[in-house]
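Quick one, what's the 3D model for this:
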Amino acid sequence: METVAPYKEIIAEVKSHGGDAFKRCFQCGLCDSVCPWNRVTSFSMRKLVREATFGLTDIESEDMWRCTTCGRCPQQCPRDVKQIESGVALRRIATEYGVYPHSVLPIKSIRGSLVGSGNPLNEERSKRADWAKGLNVPEFTEDMDILYFPDCYASYDPRMKKVAVATAKVLQKAGVNFGILGDKEVCCGESIRKAGEEEVFKRLAKENIKAFVDAGVKKILVSSPHCYHTFKNEYPEFKVNFEVVHITQFLAELIQEGKITLNGEYAKKLTWHDPCYLGRHNGIYNEPREVLQAVPGAEFTELPEHHVASLCCGGGGGRIWMETVKGERFCDLRIDQAVGVGAEVLVTACPYCITNFEDSRVTMGMDEKIEIKEISEVIAELI
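Here you go, the predicted structure:
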């Protein structure tokens, strides 16, 4: 039996997070034409919009949770329907009702982990800075120029820890005066907010903001585009403004200013994947390409879908924690594209993208054909 939230509640929730945007839709279908889901299965954002307009949303539907918030449909929409904001509002209603379809059930345990441990991986908070052991990375103090904020995956996941280590080594080589907060920080909260858990997001944001203010932080360097997005665009909702820099921007600056010198040759064919929250959501396209084009000996080539048309990896909007069955994974398509252009290394700068691509290349039997690298790892090899 369908669980349909009351009409007035749906309309009120959508209105409070994006106005009457759904009502502006005239069903042109451009959202469906660019949605990556329609590359792997049948899905209609247009249908969800129409149902929500009339308060007929089935909050038990798997479809309501498919959106990866990649940003492709708002980019094409001629009526500014605000699909992402309004879709997240619908998810908030579902979480308030405690309704989670089968593929979304992990969100319940992720919520508990975030509240209890400050990270989605259910790891001990006291071990958040263990990745830095032996690297002489100091705790941040007010006299330092930059706080380096490694995301949860870079703090705990074995594969992603290599990214944090590479980043720290590059910063040290460049003479950057930086530190970390370790167990004083928690998850940025961006993805759980997109999964409808607004109160959890607020709790995490307020804890981070207190830690930043208490430590005297002014400038934050991040590896994750999701951290970049929420620190830069969402934390100001709490009346704070920090200078936020993504690692791709910082690397480009260090190379341009001659603070790091790239030695030897990286004689491989590289390609770059634009993460959704780095590119479409925040307009950072040029800097990572400038960095890769400065790599000596490397041959750079573009993927078939790049810049504003980049293909989503499938991890945004909380989907990184949800079940996506084989045959419906966008990351598989991206690996095929990278191999198709002859790339030996697929480079990106997002923990979700790397996690999904690493999984795909193994399950697809492509682990001998292509490597997955975070951009800091490439640079670290040359200094």
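
which element is the most centrally placed residue in the chain on?
Nearest to the geometric centre of the chain sits residue 226, at 3.9 Å (Cα atoms, centre = their mean). Here residue 226, judged by DSSP states H and E, is contained in helix 225-229.

where exactly do the helices run in the stretch 251-383 of the chain?
Listed in chain order, the helices found in the stretch 251-383 of the chain under DSSP state H, counting those that start in this stretch are 286-293, 330-340, 351-363, 375-380.

Please render the ones you listed as a markdown table that adds mean neighbour count to the earlier fields.
Where you see a C-beta, it was placed from the backbone N, CA and C, and this is true even at glycine. Shown next, in a markdown table, are the helices of the stretch 251-383 of the chain (neighbours: other Cβ atoms under 10 Å):
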| stretch | mean neighbour count |
| --- | --- |
| helix 286-293 | 19 |
| helix 330-340 | 21 |
| helix 351-363 | 22 |
| helix 375-380 | 24 |
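
Out of these, the one nearest residue 266 is which?
When the helices of the stretch 251-383 of the chain are compared by Cβ to Cβ, helix 375-380 sits nearest residue 266, at 6.7 Å.

Need the contact partners of that closest one.
Under the contact criterion Cβ atoms under 8 Å, 6 or more residues apart in numbering, helix 375-380 has outside partners 162-163, 166-167, 169-170, 223, 247-248, 251, 260, 262, 266, 270, 288, 291-292, 295, 345, 347-349.

in the longest helix along the chain, what counts as buried?
In the chain, taking DSSP state H as the definition, the longest helix is helix 198-215. With burial defined by 16 or more other Cβ atoms under 10 Å, the residues of helix 198-215 counted as buried are 198, 200, 201, 203, 204, 205, 207, 208, 209, 211, 212, 215.

Report all helices and strands that the helix holding residue 226 contacts.
Identification of packing neighbours for helix 225-229 by 3 or more Cβ pairs under 8 Å, 6 or more residues apart in numbering; DSSP states H and E yields helix 190-194, strand 243-246.

Let's see that helix as CSV, backbone CA atoms only.
Provided in CSV are the C-alpha atoms of helix 225-229 (Å, rounded to 0.1, in the frame of the first residue of the first chain):
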residue,chain,number,x,y,z
PRO,A,225,34.1,19.0,-3.3
HIS,A,226,31.3,18.1,-0.9
CYS,A,227,33.1,19.7,2.0
TYR,A,228,34.0,22.7,-0.3
HIS,A,229,30.3,23.2,-1.3
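
how far out from the middle of the chain is that helix?
6 Å (Cα atoms, centre = their mean, to the nearest Å).

With stretch 243-253 instead?
With Cα atoms, centre = their mean, you get 16 Å for stretch 243-253.

ok, now stretch 109-129?
18 Å.

Equivalent analysis for stretch 279-293, please.
Counting by Cα atoms, centre = their mean, stretch 279-293 is centred 15 Å from the centre of its parent chain.

Repeat that for stretch 323-337.
Taking Cα atoms, centre = their mean, the mean C-alpha location of stretch 323-337 is offset from the chain mean by 17 Å.

What average pLDDT does it get?
Stretch 323-337 shows a mean pLDDT of 95.

Need the contact partners of that stretch.
By Cβ under 8 Å, 6+ apart, the residues outside stretch 323-337 that reach it are 36-37, 39-41, 68, 102-103, 106, 273, 303-305, 311-315, 346, 353, 356-357, 359-361, 363-364, 366, 370.

Same check on stretch 247-267?
For stretch 247-267, the surrounding residues in contact (Cβ under 8 Å, 6+ apart) are 167, 170, 173-176, 221-223, 278, 284, 286-288, 290-291, 294-298, 349, 375-376, 378-379, 381-383.

residue boundaries of the helices in the stretch 51-200 of the chain?
Under DSSP H, counting those that start in this stretch, the stretch 51-200 of the chain gives helices at 72-76, 83-97, 106-117, 152-156, 158-173, 190-194, 198-215.
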